[in-house]
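# return atomic coordinates for the entry below.
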Amino acid sequence: MNKQRVPLILLVSAMLLNVVTCFGQTVPPASQQESLIAVLKDANASRQQKATALRQLSFIATKQAIPTLASLLADEDLNHMARYALESLSDTAVDTALLQALGNLEGKPLVGVIGSLGVRRETHAASPLSAMLTDRDPLVAQAAARALGHIGNAEAARGLSRVLPRSVGDTKLAICEGLFHCAEKTDNSSAAKIYNQLLELKTPHQVRAGALCQLILIHEEGLDLLKTHLKSKDYVLFSAAAQTALQMPDTRVTQALVAALNRLPVDHQVIILGTLAKRGDPAALPAILTAAVQGSPTVRLAAIKAIPPIAADASALDTLVILMKDADKQIAQAAQASLAALPGPEADKAVCDLLETGNRASQLQALELIKRRRMTQVSPALLKAATDNDVAVRTASIKMLGDLDGAEWFPVLIELLLDAQNPVEMRAAEQALSAICTRDAQPVPGQVTILKAIYGAVGAGGSADVTKKVKGLVEAGASTVEVSNAHFGDPASGLVKQLQIQFTVGGITRSLTVKEGQNATLLTSVTPPAYVKGLCTAMAKAPPLQKRTLLRLLRVAQGSAALEAIRGAIQDKDAGVRGEAVSIFCAWPAVEVLPEVKELAKTTQDNKVKILALRGAIRLIPLQNIPVQEKLAGFRALQPLIEQDQERRLLLGSLAEIPHPDSLAMASACLDNRTTQNEACFAVIAIAEKMPPKNAAAVKQALQKVLKLTTNNEVKKRARQLLTQI
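The predicted structure is shown next:
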């Protein structure tokens, strides 16, 4: 056949794959098969063309294709595809062809043919395959063993059994695998003979274990066999017997395990206890409780851990309560964990009873159990414990009240805060109230408006304005934004980046900074007004220490009412309260406080307050929705007040986000200050990267100064790159 005709034949063959429907049956045209066979016989056809033909034949081949397919069994490249096509045919001629090939092939083609005979479960292959179990090629021997397992008749089993004693290594494993398959396909009596032979092996251990497991399950006296091997000193057979017990639901098996328990070594007892736990038979509970009290430390721990899966009622409660007081801390902790895992109201009642004992250790254990069991119907007991004489009990109870329904317990927790006798209790009440404020906060209604979004290694590398991108995501309905290079590109290769977003929600301007790899949530929530009112009311009657705590809670709560209360506290007669209020006020997230914060920075005589106010103002100025020139004017007004390097660094970080000639000039002016020179260099670079061409002269001058001063190689590299672009 001419080479140029082969592609045409393949094209025709592919077209003929469109099946022909006749009288409700799908019949491939004979001409299609003939065309494909012609390709296989064509000496000029490529390997790819023949592979395509074989792939199609595997779906439509008939008896007429068998000779051609059989002729390819010796082909190193195509034999596997030829076998796939042959395996799909039910004609006995296939088996004849495969059997004939056994004596003519070697290597991988032979291994493939052996596998196909196994797939077809050709019984006539049992004898020749048995002879191949001792072949010098281990791959051939192993393939023969597996194929005999698939065939699974008596002759196959005899062949495998005869060779097993002389086999080694991977071939031995393959023969064992074949025998297991044979045992699955025969009657219990014949299977038992196979399993007994496998059981007598010294290795592999997994074979011995599997054989014993199957032998116990199929044997008429399987329970007696289980009992015998539960006493075995051979760890492999003992553990196999214990594992097999999991597949035997009979209560007599539980009794056998329990009977063996006390007569075994410690490590065997641990396995038995684990087996009993997995079986979940309550009949084993008395023996397990005895082991939990009387066994060795290792056995006691295993027994205690086995109790929850088995205890169906309250019968284990008394023992666990006693064990929770054990001198051995591991035992006590294990008992506590098991009690925490016990189901049912009886266990809940036992925990509440512990809380009523008046014993400090028991009460603390009870509180821990309430938390671990997630008990929510215990508010009266918790409230009583929150006024206990013991400070540790009071503190733990107060913390847990924060996990209960906020609307009911928020006022109670405020009173507990006001009555707190020490800082530890105050802190517990603060944590509980803060948790309720956060948990019960509701999303603020109203549309989110994105003001600005910058992505990059801010202050230490390149950055990009991604405002348009973030706006588009929000307008499309997104409430969270994935912070990643996939979303925003990579403006600072090799550096960890972050996304800075300025946005308004509910009429309040806010800022958000999220690291690369995290999600930025663009919705905010507010604490219910009743909670805020309760905190503000408490401020009027609270002692100084409690007032400071309430101020921190108002910071968590947010909102205009909270802000007014914080403003009022700035005038408090107590210095500690005033300091807390100023700190919170200057860190307030909304720009509405900016005028007061700037005024505070200008007028205060307190250096600490001045620093807080300056930091707050530097942070808030960029959040304003005003022209860039006005923001820069705000920064210039602050510059004479800045005396500390930390505030200079903050200012440079903010300037780095504003591509304007004035911000470039302000950053350049800081290049001569050695302590902040590094930050100033990064700020200049960041500004220069975003400056328009019309400012080329100023940018060039600033970059040249950076090159003279910096010792940072990365900064030098970026500066030179920018200079080449000017």
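# from now on I want contacts and neighbour counts done on CA atoms only, so please keep to that.
Will do.
# domain parsing for the protein?
344-440, 443-526, 600-726 (automatic domain parsing).
# distance between the ends of the second one?
Using C-alpha to C-alpha, to the nearest Å, one end of domain 443-526 lies 6 Å from the other.
# let me see the mean pLDDT of it.
Across domain 443-526, the average pLDDT comes to 81.
# the first one too?
Here the mean pLDDT over domain 344-440 is 87, rounded to a whole number.
# that one spans what distance, first to last residue?
With C-alpha to C-alpha as the measure, domain 344-440 spans 29 Å from end to end.
# do the longest one as well
Counting by C-alpha to C-alpha, you get 43 Å between the two ends of domain 600-726.
# nearest to residue 47, of the domains of the chain?
Closest approach to residue 47 among those is made by domain 443-526 (42.3 Å; C-alpha to C-alpha).
# for whichever strand or helix holds residue 487, the distance to its chain's centre please.
For residue 487, the host element (DSSP states H and E) is helix 485-488. Relative to the centre of its chain, helix 485-488 is centred 23 Å away, using C-alpha atoms, centre = their mean, to the nearest Å.
# ditto for stretch 719-726
With C-alpha atoms, centre = their mean, you get 44 Å for stretch 719-726.
# pull out the buried positions in that stretch.
Judged by neighbour count (16 or more other C-alpha atoms under 10 Å), stretch 719-726 contains these buried residues: 719, 722.
# and the gap between residue 522 and residue 559?
For residue 522, the distance to residue 559 (C-alpha to C-alpha) stands at 17 Å.
# which stretches in the stretch 501-650 of the chain count as strands?
508-515, 519-521, 525-526 (DSSP state E, counting those that start in this stretch).
# which stretch of helix or strand covers residue 399?
Residue 399 belongs to helix 391-401, assigned by DSSP H and E.
# helices or strands up against that helix?
Packing contacts for helix 391-401, counted by 3 or more C-alpha pairs under 8 Å, 6 or more residues apart in numbering; DSSP states H and E, involve helix 360-372, helix 379-385, helix 406-419, helix 423-439.
# for residue 700, find the nearest of those.
Across these, closest to residue 700 is helix 423-439 (C-alpha to C-alpha), at 50.2 Å.
# same for the closest one, what does it pack against?
Looks like helix 423-439 contacts helix 391-401, helix 406-419, helix 544-557 (3+ C-alpha pairs under 8 Å, 6+ apart).
# would you mind putting those helices into TSV with mean neighbour count alongside?
Shown next, in TSV, are the helices and strands packed on helix 423-439 (neighbours: other C-alpha atoms under 10 Å):
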stretch	mean neighbour count
helix 391-401	23
helix 406-419	19
helix 544-557	22
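# so which of the ones you listed is nearest residue 468?
helix 544-557 (31.0 Å).
# work out the gap between the closest one and the centre of the chain.
Distance, centroid of helix 544-557 to centroid of chain: 37 Å (C-alpha atoms, centre = their mean).
# how about stretch 215-225?
The chain centre lies 43 Å from the centre of stretch 215-225; the measure is C-alpha atoms, centre = their mean.
# then stretch 581-597?
39 Å.
# try stretch 635-647
The answer for stretch 635-647 is 45 Å, by C-alpha atoms, centre = their mean.
# which parts of it are buried?
Buried residues in stretch 635-647, counted by 16+ other C-alpha under 10 Å: 635, 638, 642, 647.
# give me the neighbour count for the closest residue to residue 283 other than its chain neighbours.
Leaving aside its chain neighbours, residue 283 sits nearest to residue 254 (7.3 Å; criterion: C-alpha to C-alpha, 6 or more residues apart in numbering). Neighbours of residue 254 under the rule other C-alpha atoms under 10 Å: 22.
# so residue 254 makes contact with residue 285?
No - counting by C-alpha atoms under 8 Å, residue 254 stays clear of residue 285, with 10.4 Å between them.
# pull the number of nearby residues for residue 302.
Using other C-alpha under 10 Å, the number of residues around residue 302 comes to 24.
# list phi and psi for it.
With angles defined as degrees, to the nearest 10, residue 302 sits at phi -60, psi -40.
# nearest residue to it other than its sequence neighbours?
Of all residues not flanking residue 302 in the chain, residue 270 sits nearest, at 5.9 Å (C-alpha to C-alpha, 6+ apart).
# go on, residue 212?
Of all residues not flanking residue 212 in the chain, residue 199 sits nearest, at 6.4 Å (C-alpha to C-alpha, 6+ apart).
# can you mark which positions in stretch 615-622 are buried?
For stretch 615-622, by 16+ other C-alpha under 10 Å, it's 615, 616, 617, 618, 619, 620, 621, 622.
# which one of the residues you listed is nearest to residue 70?
For the buried residues of stretch 615-622, the nearest to residue 70 is residue 622 (80.1 Å; C-alpha to C-alpha).
# which ones are touching the closest one?
Counting by C-alpha atoms under 8 Å, 6 or more residues apart in numbering, residue 622 touches 631, 654.
# tell me the pLDDT of it.
86.
# skipping adjacent residues, who's closest to residue 441 in space?
residue 527 (4.3 Å).
# do you know how far the one you found is from residue 416?
Taking C-alpha to C-alpha, one finds residue 527 at 20 Å from residue 416.
# any low-confidence regions in the protein?
Along the chain, the parts satisfying pLDDT under 70 run over 1-30, 444-447, 458-461, 505-509, 524.
# switch to 50 and redo it
Filtered on pLDDT under 50, the chain yields the residue ranges 1-27.
# re the thing from before, between the strands of the stretch 501-650 of the chain, which one is closest to residue 582.
Taking C-alpha to C-alpha, strand 508-515 is the member of those nearest to residue 582, at 19.3 Å.
# which helix or which strand is home to residue 357?
Counting by DSSP H and E, residue 357 is part of no helix or strand.
# list the contacts of it.
Per C-alpha under 8 Å, 6+ apart, neighbours of residue 357: residue 363.
# farthest-separated two in the buried residues of stretch 615-622?
Farthest pair in the buried residues of stretch 615-622, by C-alpha to C-alpha: 615 and 622, 12.3 Å.
# before we move on, back to that, relative to helix 406-419, how tilted is the helix holding residue 399?
Relative orientation of helix 391-401 versus helix 406-419 (axes from the mean of the first three to the mean of the last three C-alpha atoms, to 10 degrees): 150 degrees.
# helix 391-401 to helix 423-439, inter-axis angle?
Using the same axes, to 10 degrees, helix 391-401 lies at 10 degrees relative to helix 423-439.
# can I get helix 391-401 in CSV, CA atoms only?
Coordinates of each C-alpha in helix 391-401 appear next as CSV, following Å, rounded to 0.1, in the frame of the first residue of the first chain:
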residue,chain,number,x,y,z
VAL,A,391,-10.9,33.7,92.7
ALA,A,392,-9.9,31.0,90.2
VAL,A,393,-13.4,29.6,90.2
ARG,A,394,-14.9,33.1,89.8
THR,A,395,-12.5,33.9,87.0
ALA,A,396,-13.1,30.7,85.0
SER,A,397,-16.9,31.0,85.4
ILE,A,398,-16.9,34.6,84.2
LYS,A,399,-15.0,33.7,81.1
MET,A,400,-17.4,31.0,80.3
LEU,A,401,-20.5,33.2,80.7
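# list of residues touching it?
With C-alpha under 8 Å, 6+ apart, helix 391-401 has contacts from 360, 363-364, 367, 371, 379, 382-383, 385-388, 409, 413, 416, 424-425, 428-429, 431-432.
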